[in-house]
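Novice: Got a predicted model here, sequence first, then my questions.
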Amino acid sequence: MTEFEELYRDYFDDVFRYIRRLSGSERIADEITSETFFKAMRSVSGFRGNCDIRVWLCQIAKNCYYTYLRKSVRTDSIDDAELSKLPDEEVSAEEQLIRREEAERIRAVLHTLPETYKEVFMWRVFAELSFSQIARLFGKSDNWACVTYHRAKRMIQERTRDKTDEK
């Protein structure tokens, strides 16, 4: 087995889960994960090793996902993320609507946070990184990562609550 095949085998699930949580769509996650490993294969020689390989792959995946979003906005096409929000048989339509509205509020609020808070929150929640991995990524202490994550979480909760109160 080649080194890249091992990399793919070891980290595919991590990257896929990260993008699935970010996008809410398995189809998009599958597409972005494939593109991520294609890009990683082309640029693995440039990997300097100053962060965990999983962090490097998730950063590539995040960039691929944002590129995908910019392209999809320009084409104004209906994507599977919207189709996947249709009610399924196990969950009532009302429950689906509540979940969708809550997810949209959180996503909107997340993008209003200062960049550092947004990044730390996304690495923790979507990529499921530990505080020490996040700390290494930013060159900070574990405590800094933990405090920053909890502050971001509190900001999201407060701003989400404020948006709900406005209605």
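Specialist: That came through, no problem. Residues are numbered from 1 along each chain as shown.
Novice: Please count neighbours and contacts with C-alpha atoms only from this point.
Specialist: Will do.
Novice: list the contacts for the most centrally placed residue in the chain?
Specialist: Nearest residue to the geometric centre of the chain (CA atoms, centre = their mean): L22, 3.5 Å. Applying CA atoms under 8 Å, 6 or more residues apart in numbering, we find L22 in contact with F126.
Novice: switch the cut-off to 10 Å
Specialist: 16, 28-29, 62, 65, 107, 122, 125-127 (CA atoms under 10 Å, 6 or more residues apart in numbering).
Novice: May I have stretch 100-107 as PDB, with CA atoms only?
Specialist: The C-alpha trace of stretch 100-107 is given here as PDB (Å, rounded to 0.1, in the frame of the first residue of the first chain):
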ATOM      1  CA  ARG A 100     -34.400  23.500   9.600                       C
ATOM      2  CA  GLU A 101     -35.200  27.000  11.000                       C
ATOM      3  CA  GLU A 102     -32.900  26.400  14.000                       C
ATOM      4  CA  ALA A 103     -30.000  25.200  11.800                       C
ATOM      5  CA  GLU A 104     -30.400  28.200   9.500                       C
ATOM      6  CA  ARG A 105     -30.400  30.600  12.500                       C
ATOM      7  CA  ILE A 106     -27.300  29.000  13.900                       C
ATOM      8  CA  ARG A 107     -25.500  29.000  10.500                       C
END
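Novice: mind listing the helices for the protein?
Specialist: 3-23, 26-43, 53-75, 80-83, 93-110, 115-125, 131-138, 142-166 (DSSP state H).
Novice: need the least confident one among these, by mean pLDDT.
Specialist: Least confidently modelled of these is helix 80-83, at a mean of 48 by mean pLDDT.
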